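K.L.:
fold the following.
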Amino acid sequence: MTEPDLMGALTGDAEVTALFTDAAWLDRITRVEAALSLAAGDAGVVPAELARQAADVVLGFRPDMAGLRDGMAQDGLPIPEYTRQLKAAADPALRPALHVGATSQDILDTALMLALAGLNDRFDAAVTALDSALADLSERLGQQPLMGRTRMQAALPIRAADRLAAWRAPLPRHRERLAQLRPRLERVQYGGPVGLRGGPDGRAEGDAIADALADRLGLHRAPDQWHSARDGIAEYAGWLSLVTGSTGKIGQDLALMAQAGEVALSGGGTSSAMPHKQNPVGAETLVTLARDNAGQVALMHQAMLHEQERSGAAWVLEWLALPRMLSATARSLDLCQQLIVRIQRMGEAG
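P.N.:
Numbering: from 1, shown residues only. Below you'll find the model as predicted:
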């Protein structure tokens, strides 16, 4: 277990953090390798019984974690050492059904997609819940008068419902975008050493394994590998930033409304030096997370620049930026909903 992160209590998300622990990665790697053995049997590349026995060995295998960490430092990946240990522990007769035709990137990218598929279910539900919370707030306080402001200056009177409608407007579009991009994102990765799925002579077998692997893991089939074509992940990063941009806009408006005395929230932050203050900590955090995600998108676009058939540098850059974006998005959606339900008044105090 990792130690609690004091600063992460403000900007982090425990569920996302848990998805990227050694234990969580190992669990997904195990699922992928076991499914790959079974997929090879489904495709007729190895006998079905041999595939079943190999999958059982994978599911029961417990690697030496110290060896994996040493291998990671040497190879830049955990999979070479993992497969070395796995094959050494298995009956030699089962080795043809282990890690069949795969490269390290096939295993890790597919393992990542397993994590994202579950997380995207959560994101979809969270956007829906935020939209509902805003609808409830509009029903409760929407008729309260507000001063409309353009370029941060008083303009003309509006209702609270008018501002809330602007906050809600992108949310259905975010759900629609996510539904559209998920089949492009949550795809199996299977290409082999240089992306040929077994080459001209073995391509049909490789395609059959890839399809069976996707089906067994509940991922979308991929007509080809995407080792160096990272547009799906880059598109997804853009979606994450769009979501936090929307929650960040809500946070910024709430912070400005708090400054003008136009909103009252329960449970504001306190000051160590000025006890009379109630700081809009949650609203400020939404702004921070939105800006951070906007910066991370640039890194994810940099990570599209893979050299030739595979890049170590660009791929590892994804590992740094994407978990951070996922955590920021999860935290923003939860925090934004919490803030909305805590609003007790909109408009000037009567």
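K.L.:
dihedrals phi and psi, residue 46?
P.N.:
phi -130, psi 160 (degrees, to the nearest 10).
K.L.:
do I have it right that it meets residue 96?
P.N.:
Yes: the pair residue 46 / residue 96 is scored as a contact, 5.7 Å apart, by C-beta atoms under 8 Å. Glycine gets a C-beta too; all of them are placed from N, C-alpha and C.
K.L.:
neighbour-wise, which of the two wins?
P.N.:
Shown here are residue 46 and residue 96; by other C-beta atoms under 10 Å, residue 46 has more neighbours (21 against 16).
K.L.:
any idea how far residue 235 is from the more buried one?
P.N.:
In this view, residue 46 and residue 235 are 36 Å apart by C-beta to C-beta, to the nearest Å.
K.L.:
cool, residue 156 as well?
P.N.:
Residue 156 is 39 Å from residue 235, by C-beta to C-beta.
K.L.:
who has more neighbours, the two?
P.N.:
residue 235 (15 against 8).
K.L.:
identify the residue nearest the more buried one in space, chain neighbours excluded?
P.N.:
residue 181 (5.6 Å; C-beta to C-beta, 6 or more residues apart in numbering).
K.L.:
for that neighbour, what is the enclosing helix or strand?
P.N.:
Per DSSP states H and E: residue 181 is located in helix 170-185.
K.L.:
show residues contacting that helix.
P.N.:
Helix 170-185 has contacts (C-beta atoms under 8 Å, 6 or more residues apart in numbering) with 113, 116-117, 120, 123-124, 127-128, 130-131, 134, 220, 231-233, 235-236, 239, 242-243, 246.
K.L.:
ok, now with 6 Å
P.N.:
124, 127, 131, 220, 232, 235-236, 239, 243, 246 (C-beta atoms under 6 Å, 6 or more residues apart in numbering).
K.L.:
of these - the most surrounded one?
P.N.:
That'd be residue 243 among the contacts of helix 170-185, by other C-beta under 10 Å, with 29 neighbours.
K.L.:
that one touches residue 328, doesn't it?
P.N.:
No: between residue 243 and residue 328 there is no contact, the gap being 9.4 Å when judged by C-beta atoms under 6 Å.
K.L.:
how about the helix or strand harbouring residue 335: buried residues?
P.N.:
Here residue 335 sits within helix 312-341, counting by DSSP H and E. By 16 or more other C-beta atoms under 10 Å, the buried positions in helix 312-341 come out as 314-315, 317-318, 321-337, 339-340.
K.L.:
element containing residue 72?
P.N.:
Using DSSP H and E, residue 72 sits within helix 65-75.
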